[in-house]
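**Q** The sequence isn't on hand, but the structure is:
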């Protein structure tokens, strides 16, 4: 049952995200054409600024979802209603805190957007971004029960259908009005609708949520939740600094246009990461359910299988990004929007290292191990900020990404698996370390082979890009198939694929 739900979640996610990616690319192209590179940079900077302010969420969502696994498995409706009431109250407070924290930043908007010529009313635009973020928290709490009950595909379907409608409307209005403000207002309205409709769907699926009265949570449950929240806040802080401050530092030290250029690369990364994150997130609830019922041996073998498929997917994507990034952006935005290959390499290394953490983080979160590595996030984000700010002044744009890669390599890459193995899987982490090293060496070798083969292609334009893409698709996957087809991890997923095709 767990496998079927995970597969269904993955299939719905893939279909919806592919459509969303196409519309996102069209939308960004129209945005750049109608409003220009400066507005593109402002969009990137303000989006990341609000991501930082969203730290006020404190990791409440992950902590509550983890707390729901057992009562959902036991059918404990009273406890679920009590958890939802706590979640609702917390998110209303979060919305208010984000709104308040955003106000002191208004005098510094022009500092954050270095190089902005004053053609846009930054205050109004910024406040609309704030409103869009605040709206997210008004009804979002009810989606947690759908996710915890292994029905992520329902949330995904609502989210991507409405987001696709939003992008189509925004594209039309950009062509007609060329208004940044109207573009953002449409986004706010659709964002509200997404959460409102998901909330109504949750009430329909779980009618007991409509009951007003609920019991209070016992002190042990509250203590566990708030303990996990403290830990998750530190983790969120680390994630935000690692993933969101690069654009802010880039804008502040090198100009808002460079932030816009990076936004193009990041949009491509985010489009693919969106698919991959949704796929991996689709199995989180199943892992949480497994953690309550299965043996450590079963959990460990499943972890190794998911870590293996994570390596294959993220390694393949990293190789594709490194080989195809600049040819694609040349076709899309022109040669003037390119970063040099050393910066592209660092962006790809960051993507690979982040991706290789996915399986570990899924099992850490599903097993409720937030507390044990809470200080890791603080050390990592301080190291990243310090290194990035120093190095951007020494070696330019590349310094920002060197800081991010180094801080991740020296902290998260080994602390997270160590915690999972020690407190969750209760085994030596050495097996993970050996596998990680082998996977990384294979990625570098296969990546080099693929890149050199693609560089031999003399054709330019769309034909050249298509041929390079075919090389990227065939070469890594063929090599990985030859290397891994006899392994237990490959056979695990092969059997699932055969079951999906109706074969034994």
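**A** Great, that's in hand. Note that this is a predicted model, so its numbers are computed, not measured.

**Q** for the protein, where's the lowest mean pLDDT among helices and strands?
**A** The weakest-scoring helix or strand in the chain, judged by mean pLDDT, DSSP states H and E, is helix 284-293 (a mean of 57).

**Q** Helix or strand next in line after it, which one?
**A** Sequence order places helix 296-332 as the next helix or strand after helix 284-293, per DSSP states H and E.

**Q** So which elements touch that next one?
**A** On a contact count with 3 or more Cβ pairs under 8 Å, 6 or more residues apart in numbering; DSSP states H and E, helix 296-332 meets helix 256-281, helix 284-293, helix 341-355, helix 358-366, helix 430-455, helix 461-484, helix 488-500. From N, CA and C alone the C-beta is placed, and that goes for glycine too.

**Q** Flag every buried residue along it.
**A** 299-300, 302-330 (16 or more other Cβ atoms under 10 Å).

**Q** ditto for stretch 424-443
**A** Within stretch 424-443, the residues that count as buried by 16+ other Cβ under 10 Å are 424-425, 429, 432, 435-436, 439-440, 442-443.

**Q** Which residues does that stretch contact?
**A** Contact with stretch 424-443 is made by 296, 299-300, 303-304, 307, 311, 315, 318-319, 352, 356, 363-364, 367, 369, 413-414, 417-418, 420-422, 480, 483, as judged by Cβ atoms under 8 Å, 6 or more residues apart in numbering.

**Q** 6 Å - rerun?
**A** 300, 311, 315, 367, 369, 417-418, 421 (Cβ atoms under 6 Å, 6 or more residues apart in numbering).

**Q** count of residues packed around residue 75?
**A** The number of residues packed near residue 75 is 8, by other Cβ atoms under 10 Å.

**Q** how near is it to residue 208?
**A** 10 Å (Cβ to Cβ, to the nearest Å).

**Q** Could you tell me which residues touch both of these two?
**A** Common neighbours of residue 75 and residue 208 (Cβ under 6 Å, 6+ apart) do not exist.

**Q** these two touch, right, residue 46 and residue 129?
**A** Yes - the criterion here is Cβ atoms under 6 Å, and residue 46 meets it with residue 129 at 4.5 Å.

**Q** Could you check the pLDDT of the closest residue to residue 328 other than its chain neighbours?
**A** Excluding the flanking residues, the one nearest residue 328 by Cβ to Cβ, 6 or more residues apart in numbering is residue 465, at 6.6 Å. Turning to residue 465, the model gives it a pLDDT of 94.

**Q** Residue 415 - nearest residue in space that isn't next to it in sequence?
**A** For residue 415, ignoring the flanking residues on the chain, the nearest one in space by Cβ to Cβ, 6+ apart is residue 376 at 4.5 Å.

**Q** How many neighbouring residues does the nearest residue to residue 306 once chain neighbours are set aside have?
**A** Nearest non-adjacent residue to residue 306, counting by Cβ to Cβ, 6+ apart: residue 359, 4.5 Å away. Number of residues near residue 359 (other Cβ under 10 Å) recorded here: 26.

**Q** again with residue 143
**A** 23.

**Q** Tell me which residues are up against the strand or helix carrying it.
**A** In this assignment (DSSP H and E), residue 143 forms part of helix 143-148. Residues outside helix 143-148 that contact it (Cβ under 6 Å, 6+ apart): 64-65, 68, 72, 154-155, 198, 202, 206, 285.

**Q** Which of the buried residues of stretch 424-443 sits closest to residue 491?
**A** For the buried residues of stretch 424-443, the residue nearest residue 491 by Cβ to Cβ is residue 435; the value is 16.4 Å.

**Q** roughly how far apart are that closest one and residue 489?
**A** 10 Å.

**Q** again, but for residue 296
**A** 18 Å.

**Q** can you check residue 159 too?
**A** Computed as Cβ to Cβ, the residue 159 to residue 489 distance reads 31 Å.

**Q** Same question for residue 131.
**A** From residue 131 across to residue 489, the span is 46 Å (Cβ to Cβ).

**Q** follow-up on the earlier one: could you point out which element follows the helix holding residue 143?
**A** Next element after helix 143-148 (DSSP H and E): helix 152-177.

**Q** For that next one, could you pull out the residues that count as buried?
**A** Neighbour-count burial for helix 152-177, counted by 16+ other Cβ under 10 Å, picks out 152-160, 162-164, 166-167, 169-171, 173-174.

**Q** just stretch 62-81 next, same as before
**A** Buried, per 16+ other Cβ under 10 Å, within stretch 62-81: 62-72, 77, 79-81.

**Q** And stretch 447-465, by the same measure?
**A** Neighbour count says stretch 447-465 has 447, 450-451, 454, 457, 465 buried, by 16+ other Cβ under 10 Å.

**Q** now, which of these sits nearest residue 98?
**A** For these, the nearest to residue 98 is residue 447 (40.2 Å; Cβ to Cβ).

**Q** Before we move on, what's the pLDDT of that closest one?
**A** So, for residue 447, pLDDT stands at 97.

**Q** For the residue nearest to it when sequence neighbours are not counted, give me its contacts.
**A** Of all residues not flanking residue 447 in the chain, residue 319 sits nearest, at 4.4 Å (Cβ to Cβ, 6+ apart). Listed by Cβ under 6 Å, 6+ apart, the contact set of residue 319 reads 447, 450, 476.
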